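Trainee: structure for the following, please:
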Amino acid sequence: MLFSRSPAATNQPLVPSRRTLLLSPCPRAGATPAPVADAALLPGGLRAESLPRHVAVVMDGNSRWARARGLPSAAGHEAGRRALEEVVRLSRAWGVRTLTAFAFSHENWSRPKVEVEFLMGQFERAIRESVAEFLSFLLFTFYREGIRLRVIGDSSRLPVSLQRTAREAEEATRNNSQLDLTLAISYSGRRDIVQACRTLAQKVRDKLLEPEDIDESLFAGELETSHANGNELPYPDLVIRTSGELRLSNFLLWQSAYAELFFTDTLWPDFGEADYLQALVSFQSRDRRFGVRKL
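Mentor: Have a look, this model is predicted:
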């Protein structure tokens, strides 16, 4: 299982996967859909043919969960990690093809130093241990489950060791194809849009583009989700926000233009199978028109 602990894992180096299968990018809306899940494996109330391809989650409420129990923030983040493990497992089992988790926002750098340092260490440990276990027990973990890991966000602010671990993890899992797991760390939707504008402006200045050449597709191609390990991610179909907050908080702003939103009062560490099922059932009840009137 992703992020599971392995006593010897931290001493094992990460190496690139040796599989040579080249994968095509994930499709955008309107493209041929990915294979659906086996209906026999789905819980009651879910329809395999109308599952979201891409679920994005804003994992909010870890610190409040800890305070309510008289525990330090670190305990809440550890419980939040376990909740993410469960959502990854369920996504893989139920046939969700892409999962993006908002783990740490660009604005979160203003939090207390001790909390930020703990989170950075936890991200690195989780990534390193999960992929090291993949390399040691290839046939029993990631190889069998087919999970591909990506990290997006402003990597320049991350510890150098975490940057290196993330690159090695992406390389080691790049040929897996059953579930794309993206961790947004030091991520800002506004920053993502600004850097895309700067890239296009540079291309215009270098006379590689004319201003009138720029359209939505070209712009989207410069976003971080289009450069994640060389494979373009589909736009989110469903965005889940926990802890009772009713906002996107600068998460995948361009990409979520037509995403269905699901808000729950459940704090992230308590978000489990029943909550995830409720979100997916709610998604399947929506009439998604994408701005087009249905006759």
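Trainee: let me see the ranges of the strands in the chain.
Mentor: 54-58, 98-105, 147-152, 179-187, 238-241, 260-263 (DSSP state E).
Trainee: make JSON lines out of the ones you listed and add distance to Ala169.
Mentor: No exception for glycine: its C-beta is placed from N, CA and C like everyone else's. Listed next are those as JSON lines, based on distance: least, Cβ to Cβ, whole Å:
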{"stretch": "strand 54-58", "distance to Ala169": "19"}
{"stretch": "strand 98-105", "distance to Ala169": "14"}
{"stretch": "strand 147-152", "distance to Ala169": "5"}
{"stretch": "strand 179-187", "distance to Ala169": "10"}
{"stretch": "strand 238-241", "distance to Ala169": "24"}
{"stretch": "strand 260-263", "distance to Ala169": "29"}
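Trainee: let's have those in a markdown table, adding mean pLDDT.
Mentor: Listed next are the strands of the chain as a markdown table, based on pLDDT from 0 to 100:
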| stretch | mean pLDDT |
| --- | --- |
| strand 54-58 | 97 |
| strand 98-105 | 86 |
| strand 147-152 | 87 |
| strand 179-187 | 89 |
| strand 238-241 | 98 |
| strand 260-263 | 98 |
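Trainee: return the distance of stretch 201-214 from the chain's centre.
Mentor: 31 Å (Cα atoms, centre = their mean, to the nearest Å).
Trainee: what's in contact with it?
Mentor: 200, 218 (Cβ atoms under 8 Å, 6 or more residues apart in numbering).
Trainee: with only the CA atoms kept, save it in PDB.
Mentor: The C-alpha coordinates for stretch 201-214 follow below in PDB (Å, rounded to 0.1, in the frame of the first residue of the first chain):
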ATOM      1  CA  ALA A 201       5.200  35.700 -23.100                       C
ATOM      2  CA  GLN A 202       8.800  34.500 -23.400                       C
ATOM      3  CA  LYS A 203       7.800  32.500 -26.500                       C
ATOM      4  CA  VAL A 204       6.200  35.500 -28.100                       C
ATOM      5  CA  ARG A 205       9.200  37.600 -27.300                       C
ATOM      6  CA  ASP A 206      11.400  34.900 -28.900                       C
ATOM      7  CA  LYS A 207       9.100  35.000 -31.900                       C
ATOM      8  CA  LEU A 208       8.200  31.300 -31.400                       C
ATOM      9  CA  LEU A 209       4.500  32.400 -31.200                       C
ATOM     10  CA  GLU A 210       2.200  35.100 -32.300                       C
ATOM     11  CA  PRO A 211      -0.100  36.600 -29.600                       C
ATOM     12  CA  GLU A 212      -3.100  35.500 -31.700                       C
ATOM     13  CA  ASP A 213      -1.800  31.900 -31.600                       C
ATOM     14  CA  ILE A 214      -2.500  31.700 -27.900                       C
END
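Trainee: re earlier: okay if I get the strands of the chain as TSV plus mean neighbour count?
Mentor: Below are the strands of the chain laid out as TSV (neighbours: other Cβ atoms under 10 Å):
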stretch	mean neighbour count
strand 54-58	26
strand 98-105	24
strand 147-152	24
strand 179-187	24
strand 238-241	25
strand 260-263	18
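Trainee: among these, which is nearest Thr225?
Mentor: Closest to Thr225 of the strands of the chain is strand 147-152 (Cβ to Cβ; 6.6 Å).
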